[in-house]
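> sequence? don't have it. structure:
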(Lines give C-alpha, C1' and ligand atoms only; values in the text may rest on other atoms or scores of the structure.)
Protein backbone atom coordinates (compact mmCIF):
# COMPACT_ATOMS: atom_id res chain seq x y z
CA UNK A 1 0.00 0.00 0.00
CA UNK A 2 1.43 3.31 -1.12
CA UNK A 3 1.55 6.21 1.32
CA UNK A 4 0.00 9.48 0.20
CA UNK A 5 2.56 12.28 0.78
CA UNK A 6 -0.21 14.91 0.83
CA UNK A 7 -2.10 13.08 3.59
CA UNK A 8 1.09 12.62 5.62
CA UNK A 9 1.89 16.32 5.34
CA UNK A 10 -1.66 17.29 6.29
CA UNK A 11 -1.56 14.97 9.28
CA UNK A 12 1.72 16.49 10.45
CA UNK A 13 0.25 19.98 10.27
CA UNK A 14 -2.83 18.91 12.24
CA UNK A 15 -0.66 17.25 14.91
CA UNK A 16 1.48 20.38 15.28
CA UNK A 17 -1.64 22.54 15.59
CA UNK A 18 -3.05 20.26 18.29
CA UNK A 19 0.19 20.40 20.26
CA UNK A 20 0.18 24.20 20.13
CA UNK A 21 -3.42 24.32 21.39
CA UNK A 22 -2.63 21.92 24.24
CA UNK A 23 0.48 23.92 25.19
CA UNK A 24 -1.43 27.17 25.54
CA UNK A 25 -4.29 25.41 27.32
CA UNK A 26 -2.07 24.06 30.08
CA UNK A 27 0.27 27.07 30.28
CA UNK A 28 -0.61 29.93 32.66
CA UNK A 29 -2.13 32.90 30.87
CA UNK A 30 0.12 35.32 32.72
CA UNK A 31 3.36 34.25 34.36
CA UNK A 32 3.97 35.39 37.93
CA UNK A 33 7.28 37.24 38.15
CA UNK A 34 9.16 39.26 40.76
CA UNK A 35 12.23 41.49 40.72
CA UNK A 36 13.91 43.41 43.53
CA UNK A 37 16.11 46.49 43.25
CA UNK A 38 18.78 47.05 44.26
CA UNK A 39 20.17 43.52 44.13
CA UNK A 40 22.91 44.47 46.57
CA UNK A 41 22.36 46.69 49.62
CA UNK A 42 25.74 48.11 50.67
CA UNK A 43 26.48 48.73 54.35
CA UNK A 44 28.90 51.65 54.31
CA UNK A 45 29.91 54.34 56.79
CA UNK A 46 26.66 56.29 56.26
CA UNK A 47 24.32 53.28 56.10
CA UNK A 48 20.92 53.69 57.74
CA UNK A 49 18.72 51.26 55.85
CA UNK A 50 17.70 51.32 52.20
CA UNK A 51 14.62 51.80 50.05
CA UNK A 52 13.71 48.59 48.20
CA UNK A 53 11.56 48.42 45.07
CA UNK A 54 9.83 45.10 44.42
CA UNK A 55 8.02 44.76 41.09
CA UNK A 56 6.58 42.06 38.90
CA UNK A 57 3.60 40.78 36.91
CA UNK A 58 0.63 38.52 37.69
CA UNK A 59 -2.74 37.34 36.46
CA UNK A 60 -5.55 39.90 36.46
CA UNK A 61 -7.77 38.34 39.15
CA UNK A 62 -5.12 37.17 41.63
CA UNK A 63 -4.42 38.76 44.99
CA UNK A 64 -0.76 38.93 45.95
CA UNK A 65 1.35 38.29 49.03
CA UNK A 66 5.01 39.34 49.19
CA UNK A 67 7.22 37.77 51.86
CA UNK A 68 10.76 38.96 52.55
CA UNK A 69 12.59 36.65 54.93
CA UNK A 70 15.84 35.03 55.97
CA UNK A 71 16.35 31.26 56.32
CA UNK A 72 14.82 29.80 59.49
CA UNK A 73 17.23 29.29 62.35
CA UNK A 74 17.37 28.99 66.16
CA UNK A 75 17.63 32.27 68.09
CA UNK A 76 18.63 32.38 71.77
CA UNK A 77 17.48 35.30 73.93
CA UNK A 78 17.78 36.07 77.61
CA UNK A 79 14.69 36.78 79.66
CA UNK A 80 13.99 38.69 82.86
CA UNK A 81 11.76 37.89 85.79
CA UNK A 82 10.94 39.44 89.17
CA UNK A 83 13.06 38.33 92.10
CA UNK A 84 11.33 38.52 95.46
CA UNK A 85 8.43 40.25 93.77
CA UNK A 86 10.43 43.49 93.63
CA UNK A 87 13.35 43.55 91.19
CA UNK A 88 13.61 42.55 87.55
CA UNK A 89 16.69 40.44 86.89
CA UNK A 90 17.97 38.21 84.10
CA UNK A 91 16.96 34.67 85.03
CA UNK A 92 18.05 32.60 82.03
CA UNK A 93 17.66 32.19 78.29
CA UNK A 94 15.13 30.71 75.90
CA UNK A 95 15.86 29.35 72.45
CA UNK A 96 13.29 30.07 69.76
CA UNK A 97 13.42 27.19 67.30
CA UNK A 98 12.99 27.39 63.53
CA UNK A 99 12.28 31.12 63.22
CA UNK A 100 13.61 33.65 60.68
CA UNK A 101 15.70 36.57 61.89
CA UNK A 102 13.85 38.79 59.38
CA UNK A 103 10.18 38.41 58.44
CA UNK A 104 8.40 41.14 56.44
CA UNK A 105 4.99 40.40 54.93
CA UNK A 106 3.01 42.64 52.57
CA UNK A 107 -0.32 41.90 50.88
CA UNK A 108 -2.65 43.41 48.30
CA UNK A 109 -5.64 42.95 50.65
CA UNK A 110 -6.47 41.74 54.18
CA UNK A 111 -4.70 38.41 54.74
CA UNK A 112 -7.64 36.72 56.50
CA UNK A 113 -9.97 37.76 53.69
CA UNK A 114 -7.97 36.42 50.76
CA UNK A 115 -6.38 33.33 52.29
CA UNK A 116 -7.79 30.51 54.41
CA UNK A 117 -6.21 29.73 57.81
CA UNK A 118 -5.08 26.34 56.51
CA UNK A 119 -3.23 27.98 53.61
CA UNK A 120 -1.67 30.52 55.96
CA UNK A 121 -0.32 27.67 58.07
CA UNK A 122 0.89 25.72 55.04
CA UNK A 123 2.89 28.62 53.63
CA UNK A 124 3.87 30.22 56.98
CA UNK A 125 2.09 33.48 56.27
CA UNK A 126 1.37 35.80 59.20
CA UNK A 127 2.35 35.83 62.85
CA UNK A 128 -0.30 33.24 63.80
CA UNK A 129 1.27 30.74 61.41
CA UNK A 130 4.77 31.50 62.71
CA UNK A 131 3.62 31.02 66.31
CA UNK A 132 1.96 27.70 65.50
CA UNK A 133 5.04 26.47 63.62
CA UNK A 134 7.85 27.47 65.99
CA UNK A 135 8.69 26.17 69.46
CA UNK A 136 10.51 27.54 72.52
CA UNK A 137 12.97 25.66 74.73
CA UNK A 138 14.75 26.60 77.94
CA UNK A 139 18.49 26.19 78.52
CA UNK A 140 17.92 22.54 79.52
CA UNK A 141 16.14 21.71 76.25
CA UNK A 142 12.65 21.56 77.78
CA UNK A 143 9.77 23.00 75.73
CA UNK A 144 8.14 26.00 77.41
CA UNK A 145 4.90 27.94 77.02
CA UNK A 146 4.36 29.37 73.52
CA UNK A 147 3.30 32.67 75.06
CA UNK A 148 6.98 33.58 74.86
CA UNK A 149 6.71 33.51 71.07
CA UNK A 150 4.32 36.46 71.28
CA UNK A 151 6.95 38.35 73.29
CA UNK A 152 9.61 37.34 70.77
CA UNK A 153 7.53 38.68 67.86
CA UNK A 154 6.85 41.96 69.70
CA UNK A 155 10.58 42.36 70.33
CA UNK A 156 11.35 41.72 66.67
CA UNK A 157 8.64 44.20 65.65
CA UNK A 158 10.28 46.82 67.87
CA UNK A 159 13.57 46.09 66.09
CA UNK A 160 11.79 46.68 62.74
CA UNK A 161 12.83 43.25 61.41
CA UNK A 162 9.34 41.71 61.80
CA UNK A 163 6.34 43.40 60.20
CA UNK A 164 3.01 42.55 58.58
CA UNK A 165 1.28 45.19 56.46
CA UNK A 166 -1.91 44.62 54.53
CA UNK A 167 -2.93 46.45 51.37
CA UNK A 168 0.55 47.76 50.60
CA UNK A 169 1.11 45.78 47.38
CA UNK A 170 -0.15 48.08 44.62
CA UNK A 171 -1.52 46.46 41.45
CA UNK A 172 -1.90 48.14 38.06
CA UNK A 173 -4.54 46.52 35.84
CA UNK A 174 -3.80 46.05 32.13
CA UNK A 175 -5.51 44.42 29.18
CA UNK A 176 -3.21 41.41 29.25
CA UNK A 177 -2.52 41.15 32.99
CA UNK A 178 -1.39 43.00 36.09
CA UNK A 179 1.83 44.56 37.18
CA UNK A 180 2.50 45.19 40.85
CA UNK A 181 4.82 47.34 42.92
CA UNK A 182 5.89 47.40 46.54
CA UNK A 183 8.15 50.07 48.02
CA UNK A 184 9.52 49.42 51.50
CA UNK A 185 12.19 50.71 53.85
CA UNK A 186 14.73 47.97 54.51
CA UNK A 187 15.62 48.09 58.24
CA UNK A 188 19.23 48.90 59.06
CA UNK A 189 18.92 46.54 62.04
CA UNK A 190 18.90 43.52 59.68
CA UNK A 191 22.20 41.68 59.57
CA UNK A 192 24.31 41.20 56.44
CA UNK A 193 23.25 38.18 54.40
CA UNK A 194 21.11 36.99 51.51
CA UNK A 195 17.34 37.45 51.80
CA UNK A 196 14.56 35.82 49.81
CA UNK A 197 11.71 37.77 48.23
CA UNK A 198 8.78 35.45 47.50
CA UNK A 199 5.55 36.53 45.85
CA UNK A 200 2.50 34.26 46.06
CA UNK A 201 -0.61 34.52 43.88
CA UNK A 202 -3.88 33.81 45.68
CA UNK A 203 -7.15 32.81 44.01
CA UNK A 204 -10.32 31.59 45.70
CA UNK A 205 -8.63 31.31 49.09
CA UNK A 206 -5.63 29.22 48.05
CA UNK A 207 -2.10 29.85 46.75
CA UNK A 208 -2.06 29.00 43.03
CA UNK A 209 1.39 30.20 42.00
CA UNK A 210 4.65 31.54 43.40
CA UNK A 211 7.85 33.18 42.23
CA UNK A 212 10.97 34.27 44.07
CA UNK A 213 14.05 36.42 43.85
CA UNK A 214 16.74 37.48 46.29
CA UNK A 215 19.04 40.32 47.28
CA UNK A 216 22.18 40.59 49.39
CA UNK A 217 23.05 42.92 52.23
CA UNK A 218 26.82 43.22 52.55
CA UNK A 219 29.41 45.34 54.30
CA UNK A 220 31.59 47.51 52.10
CA UNK A 221 34.46 49.97 52.44
CA UNK A 222 35.78 50.89 55.88
CA UNK A 223 32.93 49.02 57.60
CA UNK A 224 33.97 45.75 55.94
CA UNK A 225 37.61 46.43 56.80
CA UNK A 226 36.90 47.11 60.47
CA UNK A 227 34.56 44.14 60.75
CA UNK A 228 37.12 41.80 59.21
CA UNK A 229 39.79 43.17 61.51
CA UNK A 230 37.59 42.68 64.58
CA UNK A 231 37.16 38.99 63.76
CA UNK A 232 40.52 38.12 62.21
CA UNK A 233 42.96 40.54 63.88
CA UNK A 234 41.36 41.28 67.23
CA UNK A 235 44.62 42.47 68.86
CA UNK A 236 45.25 45.15 66.21
CA UNK A 237 41.59 46.12 66.28
CA UNK A 238 41.73 46.54 70.07
CA UNK A 239 44.86 48.72 69.86
CA UNK A 240 43.24 50.90 67.19
CA UNK A 241 40.10 51.27 69.29
CA UNK A 242 42.19 52.43 72.28
CA UNK A 243 44.10 54.93 70.13
CA UNK A 244 40.89 56.32 68.63
CA UNK A 245 39.36 56.65 72.11
CA UNK A 246 42.46 58.48 73.41
CA UNK A 247 42.52 60.86 70.46
CA UNK A 248 38.82 61.55 70.87
CA UNK A 249 39.32 62.17 74.59
CA UNK A 250 42.18 64.62 73.98
CA UNK A 251 40.13 66.43 71.34
CA UNK A 252 37.11 66.82 73.64
CA UNK A 253 39.40 67.97 76.47
CA UNK A 254 41.01 70.58 74.22
CA UNK A 255 37.63 71.88 73.13
CA UNK A 256 36.37 72.30 76.68
CA UNK A 257 39.68 73.76 77.85
CA UNK A 258 39.63 76.29 75.04
CA UNK A 259 36.03 77.18 75.79
CA UNK A 260 36.74 77.71 79.50
CA UNK A 261 39.58 80.21 78.90
CA UNK A 262 37.23 82.90 77.60
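That came through, no problem. Just so it is clear, the model here is predicted, and its values are computed rather than measured. Residues are numbered from 1 along each chain as shown.
> can you show me the helices along this structure?
Here the chain has its helices, by DSSP state H, at 5-26, 111-114, 117-122, 127-133, 147-158, 221-232, 234-260.
> quick one: average pLDDT of the fourth one?
Translated: helix 127-133. Averaging pLDDT along helix 127-133 yields 95.
> so, low pLDDT: which residues of the stretch 1-150 of the chain?
1-30, 82-91 (pLDDT under 70).
> and the nearest residue to residue 40 once chain neighbours are set aside, how far from residue 197?
Setting aside the residues directly before and after it, residue 40 is nearest to residue 216 in space (CB to CB, 6 or more residues apart in numbering), at 5.2 Å. Where C-beta positions appear, they are placed from N, C-alpha and C, glycine not excepted. According to CB to CB, to the nearest Å, residue 216 stands 12 Å off from residue 197.
> higher neighbour count, the two?
Between residue 216 and residue 197, residue 197 has the larger neighbour count (other CB atoms under 10 Å), namely 21 against 13.
> thinking again about what came up before, hang on, the residue nearest to residue 40 packs against residue 36?
No - using CB atoms under 8 Å, residue 216 makes no contact with residue 36, being 10.4 Å away.
> hey, what's the residue nearest to residue 40 bridged with?
On the basis of DSSP bridges, residue 216 is bridged to residue 40, residue 194.
> return the residues in contact with it.
39, 40, 41, 193, 194, 195 (CB atoms under 8 Å, 6 or more residues apart in numbering).
> pLDDT value on it, please?
At residue 216, pLDDT is 96.
> roughly how far does it sit from residue 77?
26 Å.
> next: residue 97.
12 Å.
> go on, residue 32?
Residue 32 is 36 Å from residue 77, by CB to CB.
> neighbour-wise, which of the two wins?
residue 32 (22 against 14).
> residue 125 is in contact with residue 66, correct?
No - contact between residue 66 and residue 125 fails when scored by CB under 8 Å: they sit 10.5 Å apart.
> need the residues touching each of the two.
With CB under 8 Å, 6+ apart, residue 66 and residue 125 have common neighbours 105, 200.
> pull the number of nearby residues for the closest residue to residue 67 other than its chain neighbours.
Once flanking residues are discounted, residue 67 sits nearest to residue 198: 4.8 Å by CB to CB, 6+ apart. Taking other CB under 10 Å as the criterion, the count of residues near residue 198 is 17.
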